[in-house]
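In: curious how this folds, go ahead:
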Amino acid sequence: MSKYGLKLWSNNERYITQAEKLYNEKAYDYVELYIVPGTYDKHIEMWNSLKIPYIIHCTHYMHGFNLADKERFKDNLKMFSEVKAFCDKLNGKHIIIHPGIGDSIENTTEQINILSEKRLLVENMPYVSMFGDDCRGSVYEELKTIVDSCNVGFCLDVAHAITTAFHLGIDSFEYMKKMLSLSPGILHISDGTKQIHGKHLNIGDGEFNFEEIKKIIALSSAEYITLELPKENNWIHSFTEDLKKIKNYE
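Out: Numbering: from 1, shown residues only. Take a look at the predicted model:
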């Protein structure tokens with residue numbers, strides 16, 4: 001049976017009490033922690049005090065980390081050193097990375113190999129970002145190149161796969177099934193709109209076909225399922241309600 005995760009950012013100190021309460025109530029099994037640059041010194045002991053299992057999500061291009069851009073190599077290394085420090089201190093099992101935007105997949109594979117980190121899982125991207133950038137690792141062929149040439153694992157983001165299928169004009173269910181051949185260790189689940197990757201939505205608030213996603217969850221052997229949901233004023237209630245829906249899909 002899969003383990004279920006809560007997605008938070010490393011500077012989300014306002015959610016600490018709620019996250020600890022939910023974990024103690026056995027509402028979820030781990031935190032997937034996105035690392036905001038420059039937060040280690042202030043926040044590492046706060047997260048470490050919770051004694052919750054962690055999976056780490058590496059900083060992505062919105063904070064300047066871009067593996068597809070060779071010119072950003074030194075900055076990428078600096079940001080990844082903080083990500084790795086979080087993972088080491090919190091005993092994280094995996095580090096999820098984005099392949100980057102623009103430039104080339106060759107730059108991405110070269111930089112991943114230089115990182116030489118055994119805990120990496122590469123995540124599939126939308127075809128274009130919410131800001132209109134071309135994303136690396138949106139299509140199956142690029143992802144397979146990264147997985148094979150860098151010897152890393154795979155994280156299947158269903159929202160990214162569905163929006164990519166929309167842009168390619170192909171069937172989203174068949175595309176997600178093809179992605180399962182890369183043996184994802186983690187699934188990212190949210191609702192959303194097909195036209196462009198944007199804000200994560202609660203299940204039922206978007207356009208995605210959850211009967212199809214239900215089948216993908218059943219076909220997958222992923223150990224972890226992270227819910228990526230909006231954190232509005234009633235986010236605890238919405239997280240627990242969406243978790244019930246996902247568990248019923250297994």
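In: partners of the strand ranked longest in the chain in the sheet?
Out: Ranked by residue count, the top strand of the chain under DSSP state E comes out as strand 3-9. The strands beside strand 3-9 in its sheet (DSSP bridges) come out as strand 30-34 (parallel), strand 224-227 (parallel).
In: beyond that strand, next helix or strand please.
Out: Following strand 3-9 in sequence order, the next helix or strand is helix 16-24 (DSSP states H and E).
In: show me what that next one is packed against.
Out: strand 3-9, helix 235-247 (3 or more Cβ pairs under 8 Å, 6 or more residues apart in numbering; DSSP states H and E). (C-beta placed from N, C-alpha, C; glycine too.)
In: quick one, it and helix 235-247 angle?
Out: With axes from the mean of the first three to the mean of the last three Cα atoms, to 10 degrees defining the directions, helix 16-24 sits at 30 degrees from helix 235-247.
In: if we can go back for a sec, could I get the strands paired with strand 3-9 in CSV, plus columns for mean neighbour count, mean pLDDT and distance to residue 54?
Out: Listed next are the strands paired with strand 3-9 as CSV, based on neighbours: other Cβ atoms under 10 Å; pLDDT from 0 to 100; distance: least, Cβ to Cβ, whole Å:
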stretch, mean neighbour count, mean pLDDT, distance to residue 54
strand 30-34, 23, 98, 5
strand 224-227, 23, 96, 11
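In: identify whichever of the ones you listed lies nearest to residue 24.
Out: Nearest to residue 24, of all these, is strand 30-34, at 13.1 Å by Cβ to Cβ.
In: distance from the closest one to the middle of the chain?
Out: Here strand 30-34 is found 9 Å from its chain centre; the criterion is Cα atoms, centre = their mean, to the nearest Å.
In: buried ones in the helix-or-strand element of the chain with minimal mean pLDDT?
Out: Lowest mean confidence among the helices and strands of the chain (mean pLDDT, DSSP states H and E): helix 235-247, at a mean of 83. Residues 238-239, 242-243, 246 are the ones in helix 235-247 that count as buried (16 or more other Cβ atoms under 10 Å).
In: ok, so of these, who is nearest residue 122?
Out: Closest approach between the buried residues of helix 235-247 and residue 122, by Cβ to Cβ: residue 246, at 23.1 Å.
In: thanks a lot, catch you later.
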